[in-house]
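build me a model from this:
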Amino acid sequence: MKSTLSPFYSLNEQPLFQNQPTVLHSLMPHTKIKIYNKDDVVLHHGDVAVRLWLVLKGWVKLTRQTPDGKESIIGLCTEGDVFGEAALFPHANYPYHAQTLAAHTQLAAIPADIIRKLIAENAAFSGVVMELLNERTSQAQLKLEQMSTMSASQRLGCFLLRLCHTQANGSKTLTIPVEKHILAAYLGMKPETLSRSQQQLKPLGLSVTGQDITISNIEKLREFVCNSCSESGSCEAEATG
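From the prediction side, this is the model:
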């Protein structure tokens with residue numbers, strides 16, 4: 001893992017700091033960019049939450065583990081995502097383990113005390129952070145709902161639609177350097193079920209070549225997925241085109 005100072009990078013396209021030039025200017029001297037190899041540990045479950053993390057490039061998995069060794073994947077973060085939100089609260093600990101899934105993963109590490117100070121001083125930025133936390137809660141609730149209302153292929157389709165929205169401004173070709181068993185576990189299915197789901201989505205325009213997934217008909221995939229979701233009509237993934 002390497003570190004470099006953030007002025008060599010641009011954070012102004014990160015959703016958390018869009019239209020927040022004052023906040024960004026205050027953070028830049030304190031924020032560091034850390035470059036990780038594949039499978040590097042970023043933080044441990046129970047560590048004191050001293051930094052908020054932004055994914056600039058690559059993938060990070062968030063996991064929790066039971067005392068008898070069972071692992072649960074509670075999050076897959078990629079470009080534009082934020083994790084380590086516990087740092088927004090004093091005396092908090094990280095509620096999960098974070099590990100990189102891709103080589104050359106670039107993360108921005110923001111000191112907790114600095115960002116808490118900015119939240120206290122800047123009402124507009126505080127509102128943005130509150131929206132972030134509300135979104136996290138809504139996503140967790142929606143994922144629980146989808147486990148009972150959506151088929152495995154629909155859950156995979158929803159995941160891909162969300163990536164189309166966040167990666168490359170709605171690009172129809174996605175690169176997902178995540179091992180099949182990890183993606184399957186995150187989506188609540190077995191690896192063989194993930195393979196079957198990919199096959200079931202082929203008639204809707206899905207093709208898989210190694211780590212690349214191409215979606216030739218996003219509208220058809222969206223119709224297949226979103227009609228079974230309570231967020232239909234208000235989800236950002238439906239704006240993908």
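
ranges for the helices of the chain?
21-27, 112-121, 123-149, 152-166, 180-186, 191-201, 218-226 (DSSP state H).

mind putting those helices into a markdown table with mean pLDDT, distance to residue 88 and mean neighbour count?
Every C-beta, even on glycine, is put in place using the N, C-alpha and C of the backbone. A markdown table is the format used below for those (pLDDT from 0 to 100; distance: least, CB to CB, whole Å; neighbours: other CB atoms under 10 Å):
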| stretch | mean pLDDT | distance to residue 88 | mean neighbour count |
| --- | --- | --- | --- |
| helix 21-27 | 88 | 14 | 16 |
| helix 112-121 | 95 | 7 | 16 |
| helix 123-149 | 90 | 6 | 13 |
| helix 152-166 | 90 | 22 | 22 |
| helix 180-186 | 95 | 24 | 18 |
| helix 191-201 | 96 | 34 | 16 |
| helix 218-226 | 91 | 31 | 19 |
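
so which of the ones you listed is nearest residue 86?
helix 112-121 (8.5 Å; CB to CB).

so who does residue 87 touch?
49, 50, 51, 52, 110, 112, 115, 116 (CB atoms under 8 Å, 6 or more residues apart in numbering).

again, 10 Å this time
43, 48-53, 93-94, 109-116 (CB atoms under 10 Å, 6 or more residues apart in numbering).

as CSV, the helices of the chain with distance to residue 64 would be great.
Shown next, in CSV, are these (distance: least, CB to CB, whole Å):
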stretch, distance to residue 64
helix 21-27, 29
helix 112-121, 21
helix 123-149, 13
helix 152-166, 20
helix 180-186, 12
helix 191-201, 20
helix 218-226, 27
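
closest to residue 35 out of those?
Using CB to CB, those put helix 21-27 closest to residue 35, at 18.7 Å.

run the chain-centre distance for that closest one.
23 Å (CA atoms, centre = their mean, to the nearest Å).

stretch 103-112 now?
Worked out by CA atoms, centre = their mean, stretch 103-112 lies 13 Å from the chain centre.

cool, and stretch 124-143?
13 Å.

give me the residue at the spatial middle of this structure.
Central residue of the chain (CA atoms, centre = their mean): residue 77, 2.8 Å from the mean position.

measure it to residue 163 for me?
12 Å (CB to CB, to the nearest Å).

repeat that for residue 82.
16 Å.

rewinding a little: and of the helices of the chain, who's closest to residue 173?
helix 152-166 (9.4 Å).

pull the CA atoms of the closest one into CSV?
This file holds the C-alpha atoms of helix 152-166, laid out as CSV (Å, rounded to 0.1, in the frame of the first residue of the first chain):
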residue,chain,number,x,y,z
ALA,A,152,-31.9,-14.4,-8.4
SER,A,153,-31.7,-13.2,-12.0
GLN,A,154,-33.6,-10.0,-11.1
ARG,A,155,-31.3,-9.3,-8.2
LEU,A,156,-28.3,-9.7,-10.5
GLY,A,157,-30.0,-7.4,-13.1
CYS,A,158,-30.6,-4.8,-10.4
PHE,A,159,-27.0,-4.9,-9.3
LEU,A,160,-25.9,-4.4,-13.0
LEU,A,161,-28.3,-1.5,-13.6
ARG,A,162,-27.0,0.3,-10.5
LEU,A,163,-23.4,-0.2,-11.9
CYS,A,164,-24.5,1.2,-15.3
HIS,A,165,-25.6,4.3,-13.4
THR,A,166,-22.4,4.8,-11.4
